[in-house]
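*Asks:* Sequence first, predicted model second:
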Amino acid sequence: MDVKERIEAQLKSHPVILYMKGTPDFPQCGFSGRAVEILNACGVPYAYVNILEDPELREALKEYANWPTYPQLYVKGQLVGGCDIMMQLYESGELKKMLEEAGAAKTE
């Protein structure tokens, strides 16, 4: 499986996935940490991929998404954006709605 096929398989397998530097428990940059805080505040489950562990994936995803920076949030296989866009959507209430519509059940 080539790297593009791996990306597509990950996107199909998870309604909400965050490509980030580090892990939710130990983010490796401030933007990834903030993205995790935003998703956790929404109270929905999400998958993540630590792009620092896979340089091939890290480079390929930039081209795949036509988005040069991380983190990158995908909902239902579509790129939502990075930390700044996530924050705007969160503050407007749109992110939570988007996540719930994606079938990401709220965790209590």
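*Replies:* In hand now; what should we look at? Numbers count the residues shown, from 1 in each chain.
*Asks:* only C-alpha atoms for contact and neighbour calcs from this point on.
*Replies:* Will do.
*Asks:* Quick one: low-confidence residue ranges for the protein.
*Replies:* 104-108 (pLDDT under 70).
*Asks:* Give me the distance between the residue nearest the centre of the chain and Lys97.
*Replies:* Central residue of the chain (CA atoms, centre = their mean): Leu18, 1.9 Å from the mean position. Separation of Leu18 from Lys97 (CA to CA, to the nearest Å): 17 Å.
*Asks:* Parallel or antiparallel, list what pairs with the strand or helix carrying the residue nearest to the centre of the chain.
*Replies:* Leu18 belongs to strand 16-20 when assigned by DSSP states H and E. Neighbouring strands of strand 16-20 in its sheet, by DSSP bridges, are strand 47-50 (parallel), strand 72-75 (antiparallel).
*Asks:* so can I have CSV of those showing mean neighbour count?
*Replies:* What follows is the strands paired with strand 16-20, written out as CSV (neighbours: other CA atoms under 10 Å):
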stretch, mean neighbour count
strand 47-50, 19
strand 72-75, 24
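*Asks:* In TSV, list those strands along with distance to Ala41.
*Replies:* Below are the strands paired with strand 16-20 laid out as TSV (distance: least, CA to CA, whole Å):
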stretch	distance to Ala41
strand 47-50	15
strand 72-75	15
